[in-house]
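S.K.: I'd like to go over a predicted model; first the sequence, then the structure.
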Amino acid sequence: MAGQRKHYGGKKRKASDGPRDDVHPGHLTKNDECKIIVLNFGQWSEKDELVKVLDANNHAYKAVQKLNKLSYGFIIYESKEQRDAALEVLANVEWKNGEKLEVKPALPKRSVKPMATADEPKEPGQLKTVIEAVTPWHNVDYAEQLERKEDAMKKVLIKIVRQTRKDFADKAKRVVEERNRLRKAQKVASMDDVVGGPKLEVPVPEWLDATGELYLVANDTLYQQIMTSTDAPWEAKAKAEGIVGLISFTSELVGAHKEGALLTYQKHTQSWMPLSNGPAAAITSLASLRGHLLCATANGEIVRRVVKGRRDSIEWMTLASGLGAITAMTVHQGFLYIATTSGWSKAPLGPEATTVLVFEPAPEMAFQDVSGLTSHDSKLIFIQKTGDHLSLVHAETDGTVVSSTKIDVATAVTSFASHKGLCCPMERIAPSPVLEGYRNKCEFTFGYDVDKKPVVGFRVGMYKEGVVAVGSPEDCINVPQVMKDICKTFQTYLATSTLPVYDVLTHEGVWRLLTIRLSQRTNQIMLMVQANPTDVDAAVWATEKTALVSTLTAAHPGISSMFVQEYTGVSAPAEDHPIDHVYGATTIEEELLGLKFRISAQAFFQVNTPGAEVLYSLVKRFAAADDKTQVYDVCCGTGTIGICVASEARKVIGVELCKAATDDAAVNADLNAVKNITFINSKAEDVMKELLRKKPEGEGAEFVQQAVAIVDPPRAGLHTKVLRSLRDTRPVKRIVYVSCNPTVSLINDAATLCGPSTSNLRGDPFKPVFAAPVDMFPHTEHCEMIIVFERV
Ligand SMILES: C[S@@+](CC[C@H](N)C(=O)[O-])C[C@H]1O[C@@H](n2cnc3c(N)ncnc32)[C@H](O)[C@@H]1O
């Protein structure tokens, strides 16, 4: 470490002295007021990309900030006034792919509030216990955690449809505008006479019809209408004997059987699967309210399903009674509407609606003989018997009829629903094989607890919400015991150390982070201590490191490797920031699916080893590689996925940014005697285009007929250049996308792979064909998701 070490050699401050009180931690700097956050920076990992766009637009600013790890960036201005004026201008500036910059004023650092201490009143929700902060779902039954994650992943699949549909609609609009412009320029009367310019037709792929379907049951048959027009044909889809209610519920189509059971419709097999028991009284209609299933019963009640555990213990809570014969119901624009034999009523959906519903008449809906009711795109849609036939009526909320179309497949309907489908079938979530102590890597923070005592553990809330207090990891169920023990030893050591822990608010102090890696199969332990020894005398620092190594290794003989990283910066260091090896081996070894993997300190490795085995087994199955397939393992880390699939493929090429990881990957191929794999140390965006275009090389290259890309990018998702190259390379038939951030970057990347082609985005679109969530992080809301894309 260059530079002079001073101050702490003279024992000015000790860890036990606590944080400095004289520095106001929540101070607002001038810069904080003058920043704009660019939210959709994600696909451009470097700030230069934004600089280019701003310069091309002659935009004045002071600086651009972007951390490689984050998917957003900042533009800094000289003054608040300049910032405010820039906001409007920037909203119309486009990234190079035509996407508009998504900008808003950055939150001032005021949001970083002073650390709350035990004697200060706490703002509700600000401070949590460590267990709440690290494993917020620790109290939730595991079966229910899986249920919640499955529901969240289904929403991802629905959002992919919506986003892609929107992209097609926007493209169609742009085409019409362009044709109009040309029509005016060429002074011709009709669009047909326009010479040049894009074709008016923007064909929308069929899978996008999943956004809107109507279902009805008549003659014991389930019929479906794709909502392209009100008179679109009704198609028989499946047998539906005894189905007396239908509802789109957490993205599944749920049916109520006349004998009481609730069933889910399986689109791909066109069959019904049991969901749960129904209430005691016969069901006449179903509705979905804030994630709860409501049933209207033949005895005039509305009851809510209360699930205890994972669908195994069901109770029914009565929300309203004495309503007469309810023939149909739906939630629509803040009300629960019911149609009964004596007219319509509606109940406002206030906060108490999941415990009690109070109905009032809805005279505006003066429609008789209604046997099905749903809400779609701000309209009420219902089925009404008029004379000897049924009509499908679309109406406004004030009762105005927008359209009424004869239904010609039936004269009586037992149930009816609108349904927004998933973009592709999804497997049930694969649970984590281990629920406790599953993390093979943890990053512990040094800091002060709420009583200002130095501690090594986890922050008890979000830094951005002003929480800097740290708590002991002792109660964290996802942390292995040996890691907790090492933290305890370090904490005892802190009490004797002359060096204080780092204070994130004053940027003073030394001990910053302790990363522990534990190989779950070989029990080797690697430690990385991050410290800021700027103000420490060099000799003192050297003595301290020696003392630390001997204290920790004496107390924990399992420690096989130790590093120290000196870092003075404010936020996280770059991936390749140097680390000093201070003890034992430089790597540890882990085993996965019977294969061995060397792991270096800076290389990525999946944090849940048995979970990774589940994930990789699925990826291998979905990649469906054969001896005619060239596999690209994009963002390959230590080569784990590529090495696991290599035995089935003709050839595998791994691409990875981190040098330590590609070095490991090459060693790992040798360790496992895998010969048909090579690794390239590079940013994927810099090499993928060329790699994909290159003719297969090496032994058996002439047999290669298709390419499969397995992509496992960081949270920001794939770089646009990689997405473009994948789309624009015809031999890429299948993409297996493994996402650790499905609710954000996966949706965007899927829309890019599947959306309309543009001048920047060439090649036939892909379509999602299959999805499978994997729970790698029990007791937290995080979920890993795999989606397989194939060419349309
Ligand atoms: C989620 S990890 C997956 C690693 C590996 N597939 C595995 O399962 O262990 C993402 C990897 O992408 C790498 N990475 C990040 N940005 C990259 C880029 N622009 N090009 C290539 N690799 C990148 C990271 O270093 C990290 O190893």
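M.R.: Received the coordinates, thanks. Numbers count the residues shown, from 1 in each chain.
S.K.: how about the residues of this structure near the ligand?
M.R.: With CB under 6 Å from any ligand atom as the criterion, the chain meets the ligand at residues 45, 604-606, 635-637, 640-641, 655-658, 661, 683-685, 712-714, 719, 740. The C-beta positions use only the backbone N, C-alpha and C, and glycine is treated the same way.
S.K.: change it to 5 Å
M.R.: The chain has residues 604, 635, 637, 640, 656-658, 683-684, 712, 714 near the ligand, with proximity defined as CB under 5 Å from any ligand atom.
S.K.: My guess is H577 contacts T568. True?
M.R.: No: using CB atoms under 8 Å, H577 is not in contact with T568; the gap is 10.5 Å.
S.K.: Can you show me the strands along the stretch 301-450 of the chain?
M.R.: Per DSSP state E, counting those that start in this stretch, the stretch 301-450 of the chain carries strands over the ranges 302-308, 313-320, 326-332, 335-340, 343-348, 360-361, 370-376, 379-386, 389-395, 401-407, 415-419, 441-448.
S.K.: tell me what the last one is packed against?
M.R.: Using 3 or more CB pairs under 8 Å, 6 or more residues apart in numbering; DSSP states H and E as the contact definition, the elements that strand 441-448 packs against are strand 454-459, strand 470-471, helix 481-496, strand 511-518.
S.K.: picking up where we left off before, can I get the strands of the stretch 301-450 of the chain in JSON lines with mean neighbour count?
M.R.: Below are the strands of the stretch 301-450 of the chain laid out as JSON lines (neighbours: other CB atoms under 10 Å):
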{"stretch": "strand 302-308", "mean neighbour count": "18"}
{"stretch": "strand 313-320", "mean neighbour count": "16"}
{"stretch": "strand 326-332", "mean neighbour count": "23"}
{"stretch": "strand 335-340", "mean neighbour count": "24"}
{"stretch": "strand 343-348", "mean neighbour count": "20"}
{"stretch": "strand 360-361", "mean neighbour count": "10"}
{"stretch": "strand 370-376", "mean neighbour count": "24"}
{"stretch": "strand 379-386", "mean neighbour count": "21"}
{"stretch": "strand 389-395", "mean neighbour count": "19"}
{"stretch": "strand 401-407", "mean neighbour count": "14"}
{"stretch": "strand 415-419", "mean neighbour count": "25"}
{"stretch": "strand 441-448", "mean neighbour count": "22"}
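S.K.: Report the separation between G255 and V370.
M.R.: Here G255 is placed at a distance of 19 Å from V370 (CB to CB, to the nearest Å).
S.K.: what's the answer for E685, then?
M.R.: From E685 across to V370, the span is 56 Å (CB to CB).
S.K.: between the residues of the chain next to the ligand, which is nearest I37?
M.R.: Checking the residues of the chain next to the ligand against I37 by CB to CB gives P714 as the nearest, at 19.6 Å.
S.K.: Confirm for me that that closest one is in contact with V738.
M.R.: No: using CB under 8 Å, P714 is not in contact with V738, being 11.2 Å away.
S.K.: Of these two, give the one with the bigger neighbour count.
M.R.: V738 (25 against 17; other CB atoms under 10 Å).
S.K.: ok, now which ones touch the more buried one?
M.R.: Shown in contact with V738 (CB atoms under 8 Å, 6 or more residues apart in numbering): 615, 619, 641, 710-712, 784-786.
S.K.: go again using 7 Å as the cut-off
M.R.: Contact analysis of V738 by CB atoms under 7 Å, 6 or more residues apart in numbering lists 615, 619, 711-712, 784, 786.
S.K.: before we move on, what about Y142?
M.R.: So Y142 contacts 435, 778 (CB under 7 Å, 6+ apart).
S.K.: Make 826 the first number, not 1, from now on.
M.R.: Got it, the first residue is 826 from now on, which makes the last one we talked about Y967.
S.K.: Now do the shared contacts for P1539 and V1563.
M.R.: Counting by CB under 7 Å, 6+ apart, nothing touches both P1539 and V1563.
S.K.: Name the nearest residue to the residue of the stretch 1276-1425 of the chain found nearest the ligand, ignoring sequence neighbours.
M.R.: Minimum separation of the stretch 1276-1425 of the chain from the ligand (CB to the nearest ligand atom) falls at E1400, amounting to 6.3 Å. Excluding its sequence neighbours, the residue lying closest to E1400 (CB to CB, 6 or more residues apart in numbering) is C1483, at 5.5 Å.
S.K.: Okay then, goodbye and thanks.
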